[in-house]
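# here are the coordinates; sequence isn't available:
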Ligand code: TXA
Ligand code: MG
């Protein structure tokens, strides 16, 4: 299959009609959202949705997010919209918040991975909204990476993973947010964050008063402690070993010592650090994730950095932990997953 890449520069949407028609007719189209690129199919077309799982190499029991461009479509997909959900929709849609509802019979089980609930979001990206509108169908879309690779934040990343596997990629440049949407289950009495993302815990709490953070995947262990059984799956991982280092003042010395040992052993090491700190590192390839005070920059850069590390053949990747406030919490969640849940804590 030849993959056609269509460049779109809003507010001009030339070229989208062809992709929208393909989408409506059961074909796959990768498209930009404000978070990451998605791999879209008509959410109501079982065989189209099945081809998403095949192209990604994704297990069929991992449910997809359905993307919509207007609220009237939501009513076709779900049975009830609780008052809290309405408040959240009002506050954050379009935007990086995915809500889990009881699904209506219109949504096929393949889309929801066999669950009776459905995940829905309205993306805050002019190209995504225009594409969904033109296709006239709700669009099921996971992140457009091959399973186990970092989510794509550039069309080039989608090309790397999907060239020859899908008919269309729409390129509208880098994604603004850079980490995926927050997934919030609003079927529970107290809504639960299943995945931290672009909308923060604090923002949700301020809107509906109460919210819980699901903890199972976020357990953090000391590097030398016995392995925790829940952490056997590594997600979003670059090929090199990721080592996250947290602490106040010994981080530079610790990482410098390690990278100079790596150098002696001809191990290719990368150091990922804040702009303000990068000059403190002496050996290894240096990459900045942005300013310490602005976790949004780290969010926008982290998945690209992981892919750049793979391209360079990095064998070890040392990452300075970033402060876990605001979107920094979601960024650290992705970094910790890439590190298999381990963090090196220094005094
Ligand atoms: O920002 C995003 O959310 C991106 C863009 C493309 O919208 N999409 C994305 O999709 O990250 P994906 O498939 O990579 O992640 C969807 C997450 C998965 O962790 C999945 O298990 C969860 O949402 N999910 C989907 N439907 C669910 C459901 N009914 N119940 C619980 N979790 C669900
Ligand atoms: Mg994904």
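Sure, I can see it. All values derive from a computational prediction rather than experimental measurement. Ligands and ions are numbered 1, 2, ... in the order given.
# Packing partners of the helix or strand where residue 40 lies?
Element membership of residue 40 [criterion: DSSP states H and E] is strand 38-42. For strand 38-42, the helices and strands in contact under the criterion 3 or more C-beta pairs under 8 Å, 6 or more residues apart in numbering; DSSP states H and E are helix 16-24, strand 29-31, helix 46-56, strand 65-67, helix 126-135, strand 139-140. Where C-beta positions appear, they are placed from N, C-alpha and C, glycine not excepted.
# quick one, what contacts the residue lying closest to residue 93 once chain neighbours are set aside?
Computed as C-beta to C-beta, 6 or more residues apart in numbering, the closest residue to residue 93 that is not its neighbour in sequence is residue 122, at 4.2 Å. Counting by C-beta atoms under 8 Å, 6 or more residues apart in numbering, residue 122 touches 67, 68, 69, 70, 71, 89, 93, 94, 95, 129.
# Who wins on neighbours among those residues?
For the contacts of residue 122, neighbours were counted using other C-beta atoms under 10 Å, and residue 67 has the most, 28 neighbours in all.
# How much space separates it from residue 345?
According to C-beta to C-beta, to the nearest Å, residue 67 stands 39 Å off from residue 345.
# tell me the contacts of the residue nearest to residue 82 when sequence neighbours are not counted?
In space, and not counting its chain neighbours, residue 82 is closest to residue 186: 6.2 Å by C-beta to C-beta, 6+ apart. Counting by C-beta under 8 Å, 6+ apart, residue 186 touches 82, 84, 85, 88, 99, 100, 101.
# does the fourth one sit in a helix or strand, and which one?
Secondary-structure element containing residue 88, defined by DSSP H and E: helix 83-92.
# tell me the mean pLDDT for that helix?
Across helix 83-92, pLDDT averages out at 98.
# Repeat that for stretch 325-340.
Mean pLDDT, stretch 325-340: 94.
# ok, is that stretch in contact with ligand 1 or not?
No: with C-beta under 6 Å from any ligand atom as the criterion, ligand 1 is not reached by stretch 325-340; the gap is at least 10.4 Å.
# what separates that stretch from the chain centre, distance-wise?
Chain-centre distance of stretch 325-340: 11 Å, with C-alpha atoms, centre = their mean, to the nearest Å.
# Mind listing what's buried along it?
By 16 or more other C-beta atoms under 10 Å, the buried positions in stretch 325-340 come out as 326-340.
# returning to what we had before: most neighbours among the contacts of residue 186, which one?
residue 99 (29 neighbours).
# The stretch 51-200 of the chain: helices as residue ranges?
Using DSSP state H, counting those that start in this stretch, the helices found in the stretch 51-200 of the chain span residues 71-77, 83-92, 126-135, 155-162.
# could those go into JSON lines alongside distance to ligand 1?
Output for the helices of the stretch 51-200 of the chain, formatted as JSON lines (distance: least, C-beta to the nearest ligand atom, whole Å):
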{"stretch": "helix 71-77", "distance to ligand 1": "11"}
{"stretch": "helix 83-92", "distance to ligand 1": "13"}
{"stretch": "helix 126-135", "distance to ligand 1": "8"}
{"stretch": "helix 155-162", "distance to ligand 1": "11"}
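# residue boundaries of the strands in the stretch 101-250 of the chain?
Per DSSP state E, counting those that start in this stretch, the stretch 101-250 of the chain carries strands over the ranges 117-121, 139-140, 168-171, 182-185, 192-195, 212-213, 221-222, 241-246.
# Distance to ligand 1 added to the ones you listed, as a markdown table?
Output for those, formatted as a markdown table (distance: least, C-beta to the nearest ligand atom, whole Å):
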| stretch | distance to ligand 1 |
| --- | --- |
| strand 117-121 | 3 |
| strand 139-140 | 9 |
| strand 168-171 | 12 |
| strand 182-185 | 5 |
| strand 192-195 | 5 |
| strand 212-213 | 14 |
| strand 221-222 | 22 |
| strand 241-246 | 19 |
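# Single out the most deeply packed of those strands.
With neighbours taken as mean count of other C-beta atoms under 10 Å, these reach their highest mean count in strand 139-140, at a mean of 28.
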